[in-house]
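Visitor: Give me a model of this one.
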Amino acid sequence: MQPFPDLSMPVWTPKMAQRIERASASIARLDARVAVSPVANAWRQRAAWSGYAASLRGQSTEIEEIDIFARECGVSIPGRISPPSMSDDAGDLTRWQADLRDHSVHHWRDDVAYSTATPDDWRNRPALLRALEMLGRHARANRSIASWLNLPRLLHSMEVTATPLPCLAIADKALRLTPRDGEAIVARFLRQIAKAAVTGLQRLDAMEEHRLLAATVAGNIVRPGKLLPLLALLQLRPVTSPRVVARQLELSISGAGKLLARAADAGLLVEISGRQAWKTYLVTDLAVAFGFARRSVGRPLKPPKVSEALDPSLSRFDVEMAELDAMLARLGVGSDVGDGDGVDQT
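Guide: As a prediction, this is how the structure comes out:
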């Protein structure tokens, strides 16, 4: 049987070095932004849904991000067939999110069922490639989804990131096979993780812009009513419907529908239900990303600037989101999925 190559020691070429540099820089930019973002907790929740969907695909499950987003938001997407229940165990996602919330120190060598033996020059090798090598060993020792889901914590433990970034759950079925070309696996991993980091940063940007626009819209209305709580809720539940909003904000279905229509008119939501009787909405950036809406043609509008005039609305928005986050946590669906401190565990 052909031995598995050491993926932490590929053939060095200028192109390989560029890929490592590009991936490392993309992750570092995302990591730095998440650390100071006012929407970090809500972003981590969405990132966990994205990482979980990617990990399921690594288990040969035919599923898309929108399927996980909709299920976790308690909404059925019109026209989409729900994934078969045997395709994933929703408990895996819950357990993973609980693990990401665990701030206790974990060394990546602790409690693993695969060899952690390393060569003498291990610390001199790029951290991303060391993580890939351990990901491969884990994936071969444990053929469940656990190996893919562990990657964000592994990257944190190896000090690639300051906190676990759930969107960096990268899956590659080739890691479980006897590889013919280890270089291709390394190149694919670096492309995948760089893309995941770039996408994660784009979505963080969109969430921060949503927060500013929401505060601007609510601040310009004399009697916003429950509009600001709705806009804060959208950070935590980006897929929604009048029934869901009515239940979570204690409104009538009619009142919730009117609020959602106002948010859609302000460009914060897109209706994705088509001609269905029951309307379903998705925040604008995800509607574009998931193929439910087209990106606007031309130069995008600049988001509102942070100013003293916006401070009261932003403060109310953040308070509303914190209260909603706490309420959802009491119901067992909290959004905080990781905010630990970095430690030297290379």
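
Visitor: Show me the shaky parts of the stretch 151-300 of the chain.
Guide: Where the stretch 151-300 of the chain drops to pLDDT under 70, the residues are 178-179, 222, 275-277, 297-300.

Visitor: buried sites along the helix or strand containing residue 246?
Guide: Using DSSP states H and E, residue 246 maps to helix 242-249. For helix 242-249, the neighbour count (16 or more other Cβ atoms under 10 Å) marks 242-246, 248-249 as buried. No exception for glycine: its C-beta is placed from N, CA and C like everyone else's.

Visitor: And for stretch 282-301?
Guide: Buried-residue list, stretch 282-301, by 16+ other Cβ under 10 Å: 282-290, 292-293.

Visitor: hmm, who's touching that stretch?
Guide: 64-66, 69, 199, 202-203, 206-207, 210, 234, 238-240, 267-270, 272 (Cβ atoms under 8 Å, 6 or more residues apart in numbering).

Visitor: from those residues, which would you call buried?
Guide: 65-66, 69, 199, 203, 206-207, 210, 234, 238-240, 268-270, 272.

Visitor: any idea how far residue 169 is from the residue nearest in space to the middle of the chain?
Guide: Nearest to the mean C-alpha position of the chain, counting by Cα atoms, centre = their mean, stands residue 47 at 0.8 Å. Distance of residue 47 to residue 169, computed by Cβ to Cβ, to the nearest Å: 9 Å.

Visitor: Just give the nearest non-adjacent residue to residue 214, would you?
Guide: What sits nearest to residue 214 in space, not counting adjacent residues and going by Cβ to Cβ, 6 or more residues apart in numbering, is residue 231, at 3.7 Å.

Visitor: check which helix or strand covers the one you found.
Guide: Per DSSP H and E: residue 231 is located in helix 227-236.

Visitor: Same question for residue 18.
Guide: Going by DSSP H and E, residue 18 is part of helix 14-36.

Visitor: which helices and strands does that helix pack with?
Guide: In terms of contacts (3 or more Cβ pairs under 8 Å, 6 or more residues apart in numbering; DSSP states H and E), helix 14-36 is packed against helix 40-58, helix 127-141, helix 182-219.

Visitor: For residue 322, find the nearest of those helices.
Guide: helix 40-58 (8.8 Å; Cβ to Cβ).

Visitor: re the thing from before, between the buried residues of helix 242-249, which sits nearest residue 132?
Guide: Using Cβ to Cβ, the buried residues of helix 242-249 come closest to residue 132 at residue 244, 39.7 Å.

Visitor: contacting residues for that closest one?
Guide: By Cβ under 8 Å, 6+ apart, the contact set of residue 244 is 73-75, 237.

Visitor: Next one: the residue nearest to the centre of the chain from residue 36, what distance?
Guide: Residue 47 is 16 Å from residue 36, where distance means Cβ to Cβ.

Visitor: Please apply the same query to residue 28.
Guide: The value you get for residue 28 to residue 36, if Cβ to Cβ is used, is 14 Å.
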